[in-house]
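Asker: Sharing a sequence plus its predicted fold:
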Amino acid sequence: MAKKVPPLTDAQVRQSRLESKEYNLADGGGLYLRVHPNGTRSWLFNYLKPFTRARSNISLGQYPAVSLASARQQRQECQGLLAQGIDPKSHREAIQQRQSEAHSTTLERVARNWLALKRASITPAHAQDIERSLALHIFPRLGKMPVHLVAARDAIAVLEPIAARGSLETVKRLCQRLNEVFAYAVNIGALQHNPLAGIGKAFAPPSKEHLPTLKPAELPELMGALAGASIRITTRSLIEWQLHTMARPSEAAGARWEEIDFSRGTWNIPAERMKKRLPHTVPLSHQALALLESMKPISAHLEYIFPADRNPRDHTNQQTANMALKRMGFGGRLVSHGLRSLASTTLNEQGFDPDLIEAALAHRDANSVRAAYNRAEYIERRRPMMAWWSDHIEAAARGGATITGHRHLRRAI
């Protein structure tokens, strides 16, 4: 029969004497107060490990920070775990490991891991925009917080000053991006649920604003201004290239010579450079091909058709065309992306097949099977439409005052 140990009293614990060697004061049930020669008093729970039945100790803390009553409470919890076949020490270590991982899993770390995966499905420019917005608005205040501690009120507090400035479109994008980050955190097991799922509803929606563009009747005004503008040949050519090809600004600015198939008269843009991550082929009119011929003396020996001014090894910035249009007097009336809208409106007014126009703009068909089936056919069917559009541009240039026409051009290298 096991010897019954009388429980300790608070006075016994408080008045325990120091000796030259450490010794234990037993409270019963495996609980001990270990008194060290240096004056330290530690609570220990001694138990048999489940399955192996080996003896082991687990520290319950130091006295007086951990009182006798608190030590007894921890003993009871350990006994409860043992009754379930759980080793108290292993259980504690597992909890500490999870807590350590949770606190090292900061919002910035999770967001950057999410973005690393997302890069495969978006353009480099889009990825850069996402990274810049998070680094500017989110990371300074929330980046170092463990993701499991970030609540909706924390994110809203960060976004409220941005909304107060009237930047509601920025707030909308940040809400969408944070939601994706936290959905990713749920998927990797860092969170049980997404606490930011509804934060977008805490702000007024941005008003729908279309990018500035010109009416079809104003195309001659644009071509006249372009002919007389004191801008670099590369910039002028880039604007005309966007106009003739109906490409997005980033796609046009980053055009490479290797993407041009002169034998077939096409510009083949790879999927990684497209907004929808699908390859896009542009049938080139004779005017677009002539524009490329005019660029050969400038950049045929380089990678990019439209090289940057300061670093010819890189392509010109996609905002170059916008800045030029603004200097030409079109600020608030036209941005380079609006050239696509100008082309779309004109072609629709002329009765061209809407499917061909959408294909020319590289808009994804909602019916993916239909889109794949028609892709090859659309390239050839688009050729007459692109040729008409280029002829229309030249006619609007009052006698051919374009890069390809060369007449009455004011050039600034």
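Answerer: Looks like it came in fine.

Asker: So for residue 276, what's the pLDDT?
Answerer: Note on residue 276: pLDDT of 75.

Asker: What is the neighbour count of it?
Answerer: Applying other Cβ atoms under 10 Å, we find 13 residues neighbouring residue 276. Heads up, the C-betas are built off the backbone N, CA and C, glycines and all.

Asker: Confirm that it sits in a helix.
Answerer: No - looking at residue 276 with DSSP: H, G, I helix; E, B strand; the rest coil, it is coil, so not inside a helix.

Asker: and it, how far is that from residue 251?
Answerer: Distance, residue 276 to residue 251, using Cβ to Cβ, to the nearest Å: 11 Å.

Asker: Strands along this protein, start to end?
Answerer: 23-28, 31-35, 41-48, 55-63, 260-261, 266-269, 280-283 (DSSP state E).

Asker: Show me what stretch 109-119 is in contact with.
Answerer: 127, 130-131, 134, 138-139, 143, 147, 180-181, 184-185, 188, 190 (Cβ atoms under 8 Å, 6 or more residues apart in numbering).

Asker: Kindly state the domain boundaries assigned to the protein.
Answerer: According to automatic domain parsing, the chain comprises the domains 10-102, 107-202, 216-396.

Asker: Regarding the longest one, how distant is the last residue from the first?
Answerer: Start and end residues of domain 216-396 are separated by 10 Å (Cα to Cα, to the nearest Å).

Asker: that older thread, dump the strands of the chain into a markdown table; add mean neighbour count and distance to residue 207 as well.
Answerer: Formatted as a markdown table, the strands of the chain follow (neighbours: other Cβ atoms under 10 Å; distance: least, Cβ to Cβ, whole Å):
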| stretch | mean neighbour count | distance to residue 207 |
| --- | --- | --- |
| strand 23-28 | 16 | 71 |
| strand 31-35 | 22 | 68 |
| strand 41-48 | 19 | 64 |
| strand 55-63 | 16 | 59 |
| strand 260-261 | 16 | 41 |
| strand 266-269 | 19 | 32 |
| strand 280-283 | 22 | 31 |
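
Asker: which one of these lies closest to residue 96?
Answerer: Residue 96 sits nearest to strand 55-63 of all those, at 12.5 Å, using Cβ to Cβ.

Asker: how far off strand 41-48 does that closest one point, in degrees?
Answerer: 160 degrees (axes from the mean of the first three to the mean of the last three Cα atoms, to 10 degrees).

Asker: Determine how far strand 55-63 lies from the middle of the whole chain.
Answerer: 47 Å (Cα atoms, centre = their mean, to the nearest Å).

Asker: quick one on the thing from earlier: distance to residue 4 for the domains of the chain - can I get that in a markdown table?
Answerer: Formatted as a markdown table, the domains of the chain follow (distance: least, Cβ to Cβ, whole Å):
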| stretch | distance to residue 4 |
| --- | --- |
| domain 10-102 | 8 |
| domain 107-202 | 46 |
| domain 216-396 | 75 |
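
Asker: For residue 245, find the nearest of the strands of the chain.
Answerer: strand 280-283 (5.0 Å).

Asker: Tell me which strands the closest one pairs with, and in which orientation.
Answerer: strand 266-269 (antiparallel) (DSSP bridges).

Asker: Pull the strand it pairs with out as CSV, backbone CA atoms only.
Answerer: Provided in CSV are the C-alpha atoms of strand 266-269 (Å, rounded to 0.1, in the frame of the first residue of the first chain):
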residue,chain,number,x,y,z
THR,A,266,1.6,39.1,-86.7
TRP,A,267,2.6,40.2,-83.2
ASN,A,268,2.5,37.2,-80.9
ILE,A,269,2.3,38.3,-77.3
